[in-house]
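Engineer: Based on what follows, work out the 3D shape:
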Amino acid sequence: MRFLSMIRINENSGEVPSEQLMNDMGKLIDEMTREGTLIRTAGLRPTAEGVRVRQRHGKLSTVDGPFTETKEVIGGFAILEAASMKEAIELTKRFLRVHGDEWDIECEVRQQDGPEFGAAA
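Structural biologist: Below you'll find the predicted structure:
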C-alpha cells in the first residue's frame, strides 16, 4: 500500500534546516529508497511563492500567497510503500527523529486511494 506523509511546519518560525540535518536527511532518504519503503519525497517552496486555486459553485478564483491566515503549512511530503498504516507511521517517525529535539513539527499520514492502491488491488 502507498501512503502520503505530509510534514506540517510553522512557516514563520524562522527554523532553517542545518547542514547536519540536510546530510542526515539525505542518508535517510538513500537508505529508505534502497529498502523500497520510500517512493518519492520533496520539500515545498514557501507559501509566498504559491497560489491557491478555488472553485465555489462553478466560479474559479485564484489567491496569491503568502496565506497569512494559515499558521501551519505543508512543508514537504514523502510517498511511502508500507504493508499497513502502522508501518507507515513507523517510517514517518524515522523522518521526524532525524530533526532532533529543536524542531516542533508534525506529519499527517494518509493512505493513498485508487485502483492500484486500494483494497481491490
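
Engineer: so the residue lying closest to Glu106 once chain neighbours are set aside is in which element?
Structural biologist: Excluding the flanking residues, the one nearest Glu106 by C-beta to C-beta, 6 or more residues apart in numbering is Arg8, at 5.1 Å. Any C-beta I mention is one placed from the backbone N, CA and C, and that applies to glycine too. Secondary structure from DSSP states H and E places Arg8 in strand 2-10.

Engineer: Give me the residues contacting that strand.
Structural biologist: 15, 39, 71-82, 85, 88, 91-92, 95, 104-112, 117 (C-beta atoms under 8 Å, 6 or more residues apart in numbering).

Engineer: Repeat the analysis, applying 7 Å as the threshold.
Structural biologist: With contacts defined as C-beta atoms under 7 Å, 6 or more residues apart in numbering, strand 2-10 is touched by 39, 71-82, 88, 92, 95, 105-112, 117.

Engineer: out of these, which are inside strands?
Structural biologist: Here DSSP state E is the test, and the contacts of strand 2-10 give 39, 72-81, 106-111 as lying in strands.

Engineer: burial of Ile7, as a residue count?
Structural biologist: The tally of other residues near Ile7 (other C-beta atoms under 10 Å) stands at 22.

Engineer: Show me what it is bridged to.
Structural biologist: Residues in a beta bridge with Ile7, per DSSP bridges, are Gly76, Cys107.

Engineer: Please report how far it lies from Asp64.
Structural biologist: 23 Å (C-beta to C-beta, to the nearest Å).

Engineer: Kindly export the helix ranked longest in the chain (C-alpha atoms) in PDB.
Structural biologist: Secondary structure assigned by DSSP state H gives helix 19-35 as the longest helix of the chain. Extracted C-alpha coordinates of helix 19-35, given in PDB (Å, rounded to 0.1, in the frame of the first residue of the first chain):
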ATOM      1  CA  GLU A  19      23.800  21.400   7.100                       C
ATOM      2  CA  GLN A  20      23.900  18.400   9.500                       C
ATOM      3  CA  LEU A  21      20.100  17.900   9.200                       C
ATOM      4  CA  MET A  22      20.300  18.100   5.400                       C
ATOM      5  CA  ASN A  23      23.200  15.500   5.400                       C
ATOM      6  CA  ASP A  24      21.300  13.200   7.900                       C
ATOM      7  CA  MET A  25      18.100  13.500   5.800                       C
ATOM      8  CA  GLY A  26      20.000  12.700   2.600                       C
ATOM      9  CA  LYS A  27      21.400   9.500   4.200                       C
ATOM     10  CA  LEU A  28      17.900   8.500   5.500                       C
ATOM     11  CA  ILE A  29      16.400   9.100   2.100                       C
ATOM     12  CA  ASP A  30      19.000   7.000   0.400                       C
ATOM     13  CA  GLU A  31      18.600   4.200   3.000                       C
ATOM     14  CA  MET A  32      14.800   4.200   2.700                       C
ATOM     15  CA  THR A  33      14.900   4.300  -1.100                       C
ATOM     16  CA  ARG A  34      17.200   1.200  -1.200                       C
ATOM     17  CA  GLU A  35      14.800  -0.500   1.200                       C
END
